[in-house]
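[1] Model the structure of this input:
(4 chains, ligands or ions: 2)
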Amino acid sequence: MAAEILSQLVVLVLAIALGFELISRVPTLLHTPLMSATNAIHGIVVVGALVIVLTAEDTLTKVLGLVAVFFGAVNVVGGFIVTNRMLEMFRGGSRRKRG
Amino acid sequence: MAAEILSQLVVLVLAIALGFELISRVPTLLHTPLMSATNAIHGIVVVGALVIVLTAEDTLTKVLGLVAVFFGAVNVVGGFIVTNRMLEMFRGGSRRKRG
Amino acid sequence: MALSTGTTLVYLFAAALFIFGIRLLRSPQTARAGNLVAAVGMFVAFVVTFFEFPAEALTLVLIAVVVGLGSAVGGVIAVRVPMTSMPQFVAAFNGVGGGAAALIGFSEFYEIQLAGGDENLVILLFIFFSILVGGLSFAGSVIAFVKLEELAFGGSVTFPGQKVVNAGLLVLVIALVVTVLAGGPAPVLFAAVLLALALLLGVLLVIPIGGADMPIVISLLNAFTGVAAAASGMALGNTVLIIAGALVGASGTILTYLMSNALGRPLSKILFGAVAAAGTGAAAGDGEEKPVTSGGADDVAATLAYDADSVIFIPGYGLAVAQAQGAIADLMRTLEAQGKDVKFAIHPVAGRMPGHMNVLLAEADVPAEKLFDLEDINDQFAETDAVVIVGANDVVNPTAREEGDNPIAGMPILNADHAKRVVIVKRSLSPGFAGIDNPLFYDQDKTMMLFSDAKQGLEGVTQSVKNQG
Amino acid sequence: MALSTGTTLVYLFAAALFIFGIRLLRSPQTARAGNLVAAVGMFVAFVVTFFEFPAEALTLVLIAVVVGLGSAVGGVIAVRVPMTSMPQFVAAFNGVGGGAAALIGFSEFYEIQLAGGDENLVILLFIFFSILVGGLSFAGSVIAFVKLEELAFGGSVTFPGQKVVNAGLLVLVIALVVTVLAGGPAPVLFAAVLLALALLLGVLLVIPIGGADMPIVISLLNAFTGVAAAASGMALGNTVLIIAGALVGASGTILTYLMSNALGRPLSKILFGAVAAAGTGAAAGDGEEKPVTSGGADDVAATLAYDADSVIFIPGYGLAVAQAQGAIADLMRTLEAQGKDVKFAIHPVAGRMPGHMNVLLAEADVPAEKLFDLEDINDQFAETDAVVIVGANDVVNPTAREEGDNPIAGMPILNADHAKRVVIVKRSLSPGFAGIDNPLFYDQDKTMMLFSDAKQGLEGVTQSVKNQG
Ligand SMILES: NC(=O)c1ccc[n+]([C@@H]2O[C@H](COP(=O)([O-])OP(=O)(O)OC[C@H]3O[C@@H](n4cnc5c(N)ncnc54)[C@H](OP(=O)(O)O)[C@@H]3O)[C@@H](O)[C@H]2O)c1
Ligand SMILES: NC(=O)c1ccc[n+]([C@@H]2O[C@H](COP(=O)([O-])OP(=O)(O)OC[C@H]3O[C@@H](n4cnc5c(N)ncnc54)[C@H](OP(=O)(O)O)[C@@H]3O)[C@@H](O)[C@H]2O)c1
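    Ligands and ions are numbered 1, 2, ... in the order given. Below is the predicted model of the structure:
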């Protein structure tokens, strides 16, 4: 078990370093879409919530897990669509005309 | 065992991605020192060689391991010193006058 | 909970898609593709989880319903929300994510207690961390949403002793965690209390922050949710949660830093400034009536047509509200047809999100080479005949140059006041986002106010220029 | 070989130091600190390994001796080697690293065979990979070293059917690996043959590559060694090897790409160009004597003192060889004292490593703002009275502008030939690195050759300018 946590820790550290590097010098223009996209990506909690529901031994956990799945789904779907809408406008905006 | 390899694989992939990000836009000026510094860093094989020697069951492996340790030590020590010499010159070069 | 080889590989693939997606998001040309790539990663990770943990039909149905509901809610909101309300809905989506992380942490803790409470200390720490940070992010995002939608808590809400209360809460949290880890009684109850405290902390952290700083706070809360997701991933032993969460946590932190730099507001000042200065709050206007020069569309048109060879447009939030991007592009073309030199000066924080103006003007087919950043154009105002400020306020407010306590002190502004003539198109003398008065309005020699909705006002001016031309 | 918690954490710390070190290396101000940080990481990882795997005294003594020897050899070479021979010694250090990785792979394989040969397939694959890539990198680096030290294999060595031989070798390698994995006979022997083939491949890969492309090849081999180190880390289950190796493998690949772009030589052309064109090799001069205008120090001084208000210096490899950085700085100051405008044009690949000239001139206290990159200065030559080219050749060779097969075709060059007068200080008419003749020498109206060692020549000119001034 300890070995598993340790290798997770290594993964965690590397991913943090990678996260820092990925967003080094982005144009101001893209700050909001990037925030919005990463916002959608942390919707990955929906997977964690799913694991809780799928492995739950107790009803309370299952219910809480389902609430979390709901939350996560809102986060993911809403997040990606909003980001896409923002980015759509960068192309000259012929597709969608709502500002 | 398979689980261990898998988590190593995750680490490998993340480290590769990180390596790519780290060297995105470096000034030409620093290409050679960077090459030289990363050259020193892969001298980390000296640690692998050490592991071979320290865990060797057989004399042949031990000898090969020792050769590898020697190689690794040359790589590490030579690499870092050469890099340092190159970089020393960027500061106006009052310290060392050999070109 | 060691995962199967297949699942681990698929999770790794999903993580790689997230990384690649974020890479693509760094350039405007590839950003949409990047968003799509990340979404595919999400889908893949979601689907494979069902194979890893088989469940009975009822559970699957429940999940399907809940996911359907969540997607519908998220999707409908995301499609409907007007561009100008984006920040608060990003906050909302972020909040539910944080809430999910907190619930995951709590559920996992509960299950561990049911199974006998015997768990690795590090895992327990990560569980508490996800409850705490996730809960904080949830509550903070709710407050941010409420503030931005102007439902309540307008401006900076402070109360005496806020600092002491916050510090006390933190101590309490630490004490709670230590008690549980040391094997104290009623761990589940304690975890529930921890969650409650986290929510309270989230409220207290965000409530004193003024609206102008909200986008930065949202970005910070976004990073928090990432961190909470990574922590819950550590607790569950789930690689894709760890990687995606850590990516967002780290990149969100950097992004927050970049944004606060672009807005000229150091993070510490945003988070603790209002609390430290509790009570001093900037006055939103002193009630006294001061005289201004105001004119109609014809007056403005005359100024532009006869007195100006070079014109700089400064668009702001009001342009977005009035959907006047087409109208301003028309005016640009009309003036150019008369041989005038027209440029746009884009302040980095004009509007309500970075890039807001660029997005709007791109929509109206204003060529990108006509848009100039603050640093590139600020020296040119002195040689410019006329500046037309449309629905912008804070970004041209010379008060920012003054030292002191005002909410925009130190923010770089566009030097509109250096131009020979200034035209300001807005509906009234009411202040902008930062809630402070703008001395530029009252420079009667230089400034002409055109009190109008931005779209109608600009259309009137264009018409009038054409008639006069 | 699961590592203890302490060791894993220390390895992780060392890996973090490598990452942080590389970050610091990206900017000239912090680069030295970055190198130091990485070295500390290396030291930490090295030391903790002894705690993880205790050994008897004899082994420790042996290791101490070997490490001492290796450090001494590496250290002495590194301190002694002149700056101009850096590339070949970087190649040498890289080669031994690759050799070590290959030996690790081979030893690990041998131990596995001794223990019964029962091992995970993935591990075996990584072992073969480290033998193959490590061996290739070793042999390739040796050849690169030999070429750069001009010990043998000058120019591009090719033979008919080289492509076929290479392809055949590759097929053989794959066949070998498959045989062993399928449980064929004599696995250790096969591994040894694999190593031998890897060495052969390394030789064949590098031997056809001309000297001008060597730095890029060294960078590529550097990436290879990183990859081999990562593979051996996978085989040993050693995190720090995996991370450090992968970092170097990936960053080395990018760096190779960046360098080949800076030199205007796509990688595929470098690696396979010579083999494809085997036999066409560029002629190093046609033996025919062509007339040139040559002068002495006084002639050059007169040109500079009376005919030129603006002067551009173009330093090259010869400046480094002659250690004439101080002399050229003196001449600069002397001319400036006479009110002339002096600049330096730095070609990105002048000298023998990127940044070579910047390093040298910094050493001589030439202010950085006098150094101009190719793009920034190339338009100014036409308005410049005199250009003084010191020990440079390829970087001003107009042949590069011609289409065709010559080794520098397509490389951007400094437009020295656009200036009114050109002075070239070098010892003879012999060609530069690329081995091709330079038409600029023979432009008798414009060009004056000063046949001299760069240092003596420049000192003479400086003296003469002072006397005349
Ligand atoms: N870009 C970002 O990332 C971001 C994010 C959050 C906050 N902020 C903050 O937002 C502010 C942006 O400055 P800004 O100058 O763009 O905007 P502003 O200071 O908020 O001023 C906008 C002005 O537009 C006018 N307006 C509203 N509706 C209008 C309409 N239909 N037609 C014409 N005018 C209308 C308003 O005046 P009337 O009511 O009189 O018409 C208001 O004074 C800054 O304080 C910035 O810090 C920026
Ligand atoms: N910068 C890099 O990263 C890098 C790396 C590897 C290869 N290269 C290649 O190296 C070349 C660099 O071009 P370059 O113009 O700097 O150098 P070059 O073309 O190699 O020419 C150098 C010239 O210096 C002269 N020289 C040598 N010793 C001298 C001395 N003591 N005093 C005066 N002159 C002396 C030589 O002529 P004499 O013998 O007649 O004196 C020679 O023609 C390019 O082909 C480039 O592709 C560059």
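
[2] what helix or strand does the residue nearest to C:Ile112 when sequence neighbours are not counted sit in?
    Nearest-residue entry for C:Ile112: C:Glu119, 4.9 Å, with adjacent residues in sequence omitted and distances by CB to CB, 6 or more residues apart in numbering or on different chains. Any C-beta I mention is one placed from the backbone N, CA and C, and that applies to glycine too. Counting by DSSP states H and E, no helix or strand carries C:Glu119.

[3] Touching, C:Glu119 and C:Gln113? I think so.
    No: at 9.1 Å, C:Glu119 and C:Gln113 do not qualify as touching, with contact defined as CB atoms under 8 Å.

[4] Chain neighbours aside, what residue packs nearest to the closest residue to chain D within chain A?
    Proximity of chain A to chain D (CB to the nearest CB) peaks at A:Leu6, 4.7 Å away. Nearest residue to A:Leu6 in three dimensions, chain neighbours excluded: D:Thr8, at 4.7 Å (CB to CB, 6+ apart).

[5] How about the contacts made by the one you found?
    Applying CB atoms under 8 Å, 6 or more residues apart in numbering or on different chains to D:Thr8 gives the contacts A:Leu6, A:Ser7, A:Leu9, A:Val10, D:Thr239.

[6] Nearest to B:Ile81 among the residues you listed?
    D:Thr239 (26.4 Å; CB to CB).

[7] what's around the closest one, how many residues?
    26 (other CB atoms under 10 Å in any protein chain shown).

[8] check contacts around it.
    D:Thr239 is in contact with A:Ser7, A:Val10, B:Gln8, B:Val11, D:Leu3, D:Thr8, D:Tyr11, D:Leu12, D:Ala15, D:Gly233, counting by CB under 8 Å, 6+ apart.

[9] which of those residues tops the neighbour count?
    For the contacts of D:Thr239, the largest neighbour count, defined by other CB under 10 Å, is 31 neighbours, found at D:Gly233.

[10] Now do the residue in the stretch 151-300 of chain C that chain D sits nearest to against C:Ile22, distance only.
    Minimum separation of the stretch 151-300 of chain C from chain D (CB to the nearest CB) falls at C:Ala250, amounting to 12.4 Å. Summarising the geometry, the distance separating C:Ala250 from C:Ile22, computed by CB to CB, to the nearest Å, is 11 Å.

[11] Ok, C:Pro208 next?
    32 Å.

[12] and after the helix or strand where C:Leu62 lies, which helix or strand comes next?
    Under the criterion DSSP H and E, the helix or strand holding C:Leu62 is helix C:57-80. Using DSSP H and E, the helix or strand that follows helix C:57-80 towards the C-terminus is helix C:86-114.

[13] quick one: average pLDDT of the helix or strand just after that following helix?
    Next along the chain after helix C:86-114, taking DSSP H and E as the criterion, comes helix C:121-148. Over the span of helix C:121-148, the pLDDT mean works out to 94.

[14] For helix C:121-148, which helices and strands make contact with it?
    helix C:86-114, helix C:162-181, helix C:187-206, helix C:214-236 (3 or more CB pairs under 8 Å, 6 or more residues apart in numbering or on different chains; DSSP states H and E).

[15] out of these, deepest packed?
    helix C:214-236 (a mean of 30; mean count of other CB atoms under 10 Å in any protein chain shown).

[16] Can you tell me how far the closest residue to chain D within the stretch 51-200 of chain C is from D:Arg421?
    Closest approach of the stretch 51-200 of chain C to chain D (CB to the nearest CB) occurs at C:Val122, with a separation of 10.0 Å. When CB to CB is the yardstick, C:Val122 and D:Arg421 sit 74 Å from each other.

[17] Show me which residues of chain A sit near chain D.
    With CB under 8 Å from any CB of the partner chain as the criterion, chain A meets chain D at residues A:Ala2, A:Ala3, A:Leu6, A:Ser7, A:Leu9, A:Val10, A:Val13, A:Leu14, A:Ala17.
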